[in-house]
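K.L.:
Here you go, sequence then predicted model.
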Amino acid sequence: MDEIHRLTTALGAGEWASAPPSLLPGVLRELGLGYWYTALDTPIGPVHLAWGRRGVAGLRPAGDPAGFEEWFRARTGRPVRRAAGLPARLASRLQAAMSGVGERVPVDLAHSGGFERAVLLKTREIPRGEVRPYSWVAREIGRPGAVRAVGNALARNPLPLLIPCHRVVRNDGRLGAYSCGGVEAKRALLELEGARPEDLEELAGRGVRFWGSRSTGIFCFPSCHRARRISPHHRVELGSEREAAAAGFRPCRVCRPAVDG
């Protein structure tokens, strides 16, 4: 309604009243106002993707368009209108982001609460091809006791793929659930990114949570790009932060598997 009020003020109430009803969506879109959505092919299948002037505001596996519109209104309190396709610049940035190159796509988290926004933004920092446990996200945002709440926030992630909750795993290292297609979709995305999900699950099954390096005295999450450079001869498998500290290892400052000092 705010957009309509601005338009009627700018155009004059009389002129706007005489305009055909079909004019409003086109005018709003040209002015970059309102929210729009279209279908988009992704590595895990077709999705519906919504955007507005701040960035991408919603993403869900494609199904009934009316269902997506209802979900979006329930989340944001705003209607979303169907468009024939994405704006060219947004389409280019999305393609680059999903292939792992180019700058990040702008996202609209205006309708997320403070805690949820903190969880989502921290999750967005996890590098492509790496994973972190829920407890890491909780600790990084200053809420180490809120592990379950972190999981709940990620289960409601309005922008899977763009905010990569598939890179967050259970605290024991197992892959865990994924709200955008289940564990198989999660495994497929991690495989595509080079995270070696089968290796991660094998390590988790043996109780290995970290890798230490005898040559540097540093321990990392096994998916950390630094950990992958540790030669088998210098690699030490570790089951906990306590075990790592007792063996004289200090945490990596890149993947931050524990609080240093």
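P.N.:
Structure's in. What do you need?
K.L.:
Could you check how many residues crowd around the nearest residue to Val236 once chain neighbours are set aside?
P.N.:
Of all residues not flanking Val236 in the chain, Gly212 sits nearest, at 3.9 Å (C-beta to C-beta, 6 or more residues apart in numbering). From N, CA and C alone the C-beta is placed, and that goes for glycine too. Counted with other C-beta atoms under 10 Å, the neighbours of Gly212 add up to 24.
K.L.:
cool, Val56 as well?
P.N.:
Neighbours of Val56 using other C-beta under 10 Å come to 25.
K.L.:
Downstream of the one helix or strand it maps to, the next helix or strand is which one?
P.N.:
For Val56, the host element (DSSP states H and E) is strand 55-61. The first helix or strand that comes after strand 55-61 along the chain, using DSSP H and E, is helix 65-76.
K.L.:
What mean pLDDT does the helix or strand following that next one get?
P.N.:
Moving toward the C-terminus from helix 65-76, the next helix or strand (DSSP H and E) is strand 81-82. For strand 81-82, mean pLDDT rounds to 96.
K.L.:
Let me see the contact set for Arg143.
P.N.:
Arg143 is in contact with Phe115, Ala118, Ala149, Val150, counting by C-beta atoms under 8 Å, 6 or more residues apart in numbering.
K.L.:
quick revisit: quick one: contacts of the strand holding Val56?
P.N.:
35, 37, 44-51, 68, 71-72, 75-76, 80, 90, 94, 105-108, 110-111, 158-162, 180-181.
K.L.:
Buried ones only from these, please, as a PyMOL command.
P.N.:
Selection of buried members from these for PyMOL, criterion 16 or more other C-beta atoms under 10 Å:
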select buried, resi 35+37+44+47+48+49+50+51+68+71+72+75+76+80+90+94+105+107+108+158+159+160+161+162+180+181
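K.L.:
most centrally placed residue in this structure?
P.N.:
Ile163 (1.3 Å; C-alpha atoms, centre = their mean).
K.L.:
Quick one: residues contacting the residue nearest to Val236.
P.N.:
Neighbours of Gly212 in contact, by C-beta under 8 Å, 6+ apart: Ile218, Phe219, Cys220, Ile230, Arg235, Val236, Glu237, Leu238, Ala244, Ala247, Phe249.
K.L.:
Could you check how far it is from Leu200?
P.N.:
17 Å (C-beta to C-beta, to the nearest Å).
K.L.:
where does the closest residue to Phe68 other than its chain neighbours land in three-state SS?
P.N.:
Distances taken as C-beta to C-beta, 6+ apart put His48 closest to Phe68, at 4.3 Å, once the chain neighbours are dropped. Three-state assignment for His48 (DSSP: H, G, I helix; E, B strand; the rest coil): strand.
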